[in-house]
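Colleague: Could you work out the structure for the sequence below:
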Amino acid sequence: MAEFTSVRLDRWLWAARFFKTRAQAKRAIEGGKVQLLKVRPKAAREIGIGCELTIRRGDTSQTITVTGLADRRGSATIAQTLYQESDESIELREVDRSRRKMERAGLTVPSTRPTKRDRRELKKLKQDSQQVG
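Modeller: Here you go, the predicted structure:
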């Protein structure tokens, strides 16, 4: 890792292993998936240590602070030293992950209380499952 004062945003995202190629990093930046200090930057924007980035990939969003600069892709352990994820970001990702896991299992939290009809249907469903088992 060479000493730099600033690095292009697309190169840094690629070196920090957020994207597999620089072209993917550039497309994500141009598509608004990456924000620098809550502003949509260009791919050639120079970033330095202390810059705050928000990166959205799929359903997940990460808020990170740049702690190191690199313009070449290295190992994953080196890439992890280039940034620090905020505690709020980690917590939000964990909550979102558990919510998606529950939804895949068929458990969704209703937005309102069940109606009388809903309660009847639930009671009938429970009775039918007890009779079968």
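Colleague: use CA for all of it now, contacts and neighbours both
Modeller: Fine.
Colleague: isn't G74 right up against W12?
Modeller: No. Here G74 lies out of contact with W12, judged by CA atoms under 8 Å, at a distance of 11.2 Å.
Colleague: neighbour-wise, which of the two wins?
Modeller: W12 (27 against 14; other CA atoms under 10 Å).
Colleague: okay, that one: pLDDT?
Modeller: We have a pLDDT of 95 for W12.
Colleague: now the helices for the chain?
Modeller: Counting by DSSP state H, the segments of the chain that form helices are 9-15, 22-30, 76-80, 87-104, 116-132.
Colleague: helices or strands up against the fourth one?
Modeller: So that's helix 87-104. strand 60-66 (3 or more CA pairs under 8 Å, 6 or more residues apart in numbering; DSSP states H and E).
Colleague: can you list the residues that contact the strand it packs on?
Modeller: 48-56, 82-86, 89-90, 93, 96 (CA atoms under 8 Å, 6 or more residues apart in numbering).
Colleague: Just the buried residues from those, in PyMOL please.
Modeller: Per 16 or more other CA atoms under 10 Å, the buried members of the contacts of strand 60-66 correspond to this PyMOL selection:
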select buried, resi 48+49+52+53+54+55+56+82+83+85+89+93
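Colleague: quick one, which of the helices of the chain is packed in tightest?
Modeller: helix 9-15 (a mean of 25; mean count of other CA atoms under 10 Å).
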